[in-house]
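Q: Dropping a prediction and its sequence here:
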Amino acid sequence: MSAPEGTSRLSRQRIRSAWLFLAPMLIVLFIVAAWPLGRTIWFSFTDASLDLMSEAEFIGFRNYLEWVDFGDGEGAWYGLLADQRWWRSVWNTVVFATVSVTFETIFGLIIALVLHQQFAGRGLVRAAVLIPWAIPTIVSAKMWAWMMHDQFGILNDMFMALGLIAEPVAWTASPDTAMIAVLIVDIWKTTPFMALLILAGLQMVPEDIYEAARLDGVPPWRVFRKLTLPLIMPAVLVAVVFRALDALRVFDIVYVLTPNTDATRTMSVYARENLFDFDQFAYGSAASTVLFLVIALITITFIMATRMDLEGKRQ
Amino acid sequence: MATVELHKVCKRFGSVEVLHDIDLALDRGEFIVFVGPSGCGKSTLLRLIAGLEDITSGELRIDGQPMNDVLPAKRGIAMVFQSYALYPHMSVYENMSFGLEQAKLSKAEIDRRVRAAATMLQIEELLDRKPKQLSGGQRQRVAIGRAITRDPRVFLFDEPLSNLDAALRVDTRLEIAALSKRLPDTTMIYVTHDQVEAMTLADRIVVLNAGHVEQVGTPMELYERPASLFVAGFIGSPRMNFLTGQLAAAEGAATYGIRPEHIALSETAGDWPGQVTLTEKLGSDTFVHVAADGIGAINVRVEGRCDIAPGTRVFLTPDAAAAHRFDAAGRPIVRAAP
Ligand SMILES: Nc1ncnc2c1ncn2[C@@H]1O[C@H](COP(=O)(O)OP(=O)(O)OP(=O)(O)O)[C@@H](O)[C@H]1O
Ligand SMILES: [Mg+2]
């Protein structure tokens, strides 16, 4: 937005008012995003703890990785990057994000395609579909926790009645099913959001090309593959990035539904544990910092990868 | 022989009937134009023929075969949409070949057809472009090209020129006329509300009004012998003057119609004295609006330039042989042969 020499007064004025309009947002962003992030990164290089925040001292990379010599010729790696629990959390997070976003995209696409059709009561159905999204996460997690309860849960009751399972399953407590339970709740909750974003993309596709395709005799599946999908792809990809960003920092569902389970501990849960429960504020900050880097890396990679893919389609 | 026949075709949207008992028979290779005011059902009729809308009752035949329940792609028709309806993410070549791939044609045959159509419309150098990299006129050609590749029996156009500027519209109109000459066996059905397009392109014009066929005939038949007040007013520009009251009654009619070009204007003598209220100068013609004493507003067309000032007293003389008389129901009163 720098004004080249000789720009008119008018355009200088425009540039000035542009900055003026941007300023509030930049200030707010700095206060709520850049500043806390910077502080977190700073703390990750210190020995800060919750009650001794002001006396924090710089200790370099020791929170991340440190070789501790035991003095008897032996030693071991310590720090976040040497912590098995941390890498398990990273793995859990990536699995959660990948599976949930994949299913949400597929289901969202199907629901969006249905909602895009003309039928009686469509407005009502559209509103109804949004309900899971409108319920606060804590509430829906609690609700599902009850439905998945091993003794009183309706889920076990129904599955047993249908003969799908022989005995009650402790959905949230058993390590085998805990992740599945979290995924079910997240997919149930977030698919409507996905559907809505994709529906917006569908509504951008001009109607007339479908008529042209009818005259060309293109069967429905091919219309979807060759016309609808390529045309809504940009919208779908934006929705996927939105959701991936969200899923990679998942906290509330896991925290409420399956607290303290290795099988579902995500990066955010891990960071919070250290920050507040274990009184390792600096260590937790290091986890938060790496979490930020992991999310940034995955998102940037995804954006670049899909862009390449898109260009591949364009030849 | 008729290619397209409609027998008592009706179309209802819900409880609203928008087309009533349409009977038409279009000959092979004919250029047919549907005209009518906005909302009269032109597009709907075209879409019924295309198969994009279901026929509520009545029968549609193409080359003698009933078409009511035949899929659009199997009717041997091609359509050019007003909005072009090009596939935005495909190149011009793909836009033209996409439908053909569906018809299970060989790659070589598809390529041959696409290139032949591209040559015919002079869009060869655009084949690799996307629609959004084309001008409006070029998109229009691509849309026509896509229709040509289908090698249809019947070509349908829904107001194909309405998104083009005036100069391009004339050029494209001439190209469409040339196209129909090059495809003598292909029946063309062309929807427009522009009567210049209708008059210049059509072998026969179908005038629609509120879901009814008002009249079918050659452009000159419609101009010279309109079958109703509606057609008389709709065909011809500027509009025919309709005079009622005493003057019409004296002629034994409810309405007396005289076209602006069939009135002579004089500053010295004539049948109807009046006063000039306004002149519109087009260069080639001048339209003089006259308030005729005891008769009303009359529009007169004067060839060339006419610098007559508003307020001037003038005299008008109608060409009695070219006048039209209509009864109270709007039907023409046929002049007894002299
Ligand atoms: N899908 C539809 N549902 C209900 N009514 C419709 C539908 N399509 C058209 N109509 C009605 O049918 C009538 C004819 O419409 P149509 O589009 O055929 O008019 P048109 O002659 O093509 O007008 P224009 O010159 O403005 O394009 C209109 O009154 C319109 O409101
Ligand atoms: Mg129309």
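A: Cool, got the structure. Ligands and ions are numbered 1, 2, ... in the order given.
Q: Every contact and neighbour count from this point should use C-alpha atoms.
A: Will do.
Q: Quick one: neighbours of residue B:149, just the number.
A: Neighbour count of residue B:149, defined by other C-alpha atoms under 10 Å in any protein chain shown: 22.
Q: you'd agree it is up against residue B:113?
A: Yes - counting by C-alpha atoms under 8 Å, residue B:113 is a contact partner of residue B:149 at 5.6 Å.
Q: gap between residue B:298 and residue B:230?
A: Here residue B:298 is placed at a distance of 18 Å from residue B:230 (C-alpha to C-alpha, to the nearest Å).
Q: Pick out whichever of these two has more residues nearby.
A: Summary of the neighbour comparison: residue B:298 and residue B:230, criterion other C-alpha under 10 Å, with residue B:298 having more neighbours (22 against 17).
Q: Validate this expectation: the more buried one resides in a strand.
A: Yes - the secondary structure assignment for residue B:298 places it in a strand, going by DSSP: H, G, I helix; E, B strand; the rest coil.
Q: Looking at strand pairing, list the partners for it.
A: Judged by DSSP bridges, the bridge partners of residue B:298 are residue B:290.
Q: now it: how far from chain A?
A: Summarising the geometry, the distance separating residue B:298 from chain A, computed by C-alpha to the nearest C-alpha, to the nearest Å, is 44 Å.
Q: Quick check: that residue touching residue B:278?
A: No - proximity of residue B:298 to residue B:278 does not meet the contact threshold set by C-alpha under 8 Å, at 10.8 Å.
Q: intersection of neighbour lists for the two?
A: Here residue B:298 and residue B:278 have B:289, B:290 as joint contacts, going by C-alpha atoms under 8 Å, 6 or more residues apart in numbering or on different chains.
Q: interface residues of chain A facing ligand 1?
A: Applying C-alpha under 6 Å from any ligand atom, we find that chain A lies next to ligand 1 at no residue.
Q: any weak-confidence spans in chain A?
A: Applying pLDDT under 70 to chain A picks out residues A:1-6, A:307-315.
Q: where along it do the strands fall?
A: Defined through DSSP state E, the strands belonging to chain A, from first to last, are A:66-69, A:75-78.
Q: Kindly reformat those as JSON lines and extend each row with distance to residue B:134 and mean neighbour count.
A: As requested, these are arranged in JSON lines below (distance: least, C-alpha to C-alpha, whole Å; neighbours: other C-alpha atoms under 10 Å in any protein chain shown):
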{"stretch": "strand A:66-69", "distance to residue B:134": "62", "mean neighbour count": "13"}
{"stretch": "strand A:75-78", "distance to residue B:134": "63", "mean neighbour count": "12"}
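Q: From the structure, what's the count of residues near the residue in the stretch 201-338 of chain B positioned nearest to ligand 1?
A: In the stretch 201-338 of chain B, the residue found nearest to ligand 1 is residue B:211; the distance is 7.4 Å by C-alpha to the nearest ligand atom. Residue B:211: 21 surrounding residues under other C-alpha under 10 Å.
Q: Please report the distance of it from residue B:35.
A: From residue B:211 over to residue B:35 (counting by C-alpha to C-alpha), the distance is 11 Å.
Q: hey, where'd the helices end up in the stretch 51-200 of chain B?
A: Across the stretch 51-200 of chain B, reading from the start of the chain, the helices by DSSP state H, counting those that start in this stretch fall at B:92-102, B:107-120, B:136-149, B:166-182, B:195-201.
Q: Tell me what angle the first one forms with helix B:136-149.
A: Taking axes from the mean of the first three to the mean of the last three C-alpha atoms, to 10 degrees, one finds that helix B:92-102 is oriented at 20 degrees with respect to helix B:136-149.
Q: who does helix B:92-102 touch, helix- and strand-wise?
A: Packing contacts for helix B:92-102, counted by 3 or more C-alpha pairs under 8 Å, 6 or more residues apart in numbering or on different chains; DSSP states H and E, involve helix A:208-216, helix B:107-120, helix B:136-149.
Q: Columns distance to ligand 1 and mean pLDDT on top of the helices of the stretch 51-200 of chain B, output as CSV?
A: Putting the helices of the stretch 51-200 of chain B into CSV (distance: least, C-alpha to the nearest ligand atom, whole Å; pLDDT from 0 to 100) gives the following:
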stretch, distance to ligand 1, mean pLDDT
helix B:92-102, 25, 92
helix B:107-120, 28, 93
helix B:136-149, 18, 91
helix B:166-182, 17, 88
helix B:195-201, 12, 91
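Q: Alongside ligand 1, which residues does the stretch 1-150 of chain B contribute?
A: Taking C-alpha under 6 Å from any ligand atom as the criterion, the neighbours of ligand 1 within the stretch 1-150 of chain B are B:13, B:18, B:37, B:38, B:39, B:40, B:41, B:42, B:43, B:44.
Q: run the last query once more with 8 Å
A: B:13-14, B:16-19, B:35-46 (C-alpha under 8 Å from any ligand atom).
Q: Any idea how many residues pack against residue 293?
A: Since no chain was named, I'll use chain A. Residue A:293: 12 surrounding residues under other C-alpha under 10 Å.
Q: oops, I was thinking of chain B
A: When counting by other C-alpha under 10 Å, one arrives at 12 neighbours for residue B:293.
Q: Repeat that for residue B:19.
A: Using other C-alpha under 10 Å, residue B:19 has 25 other residues around it.
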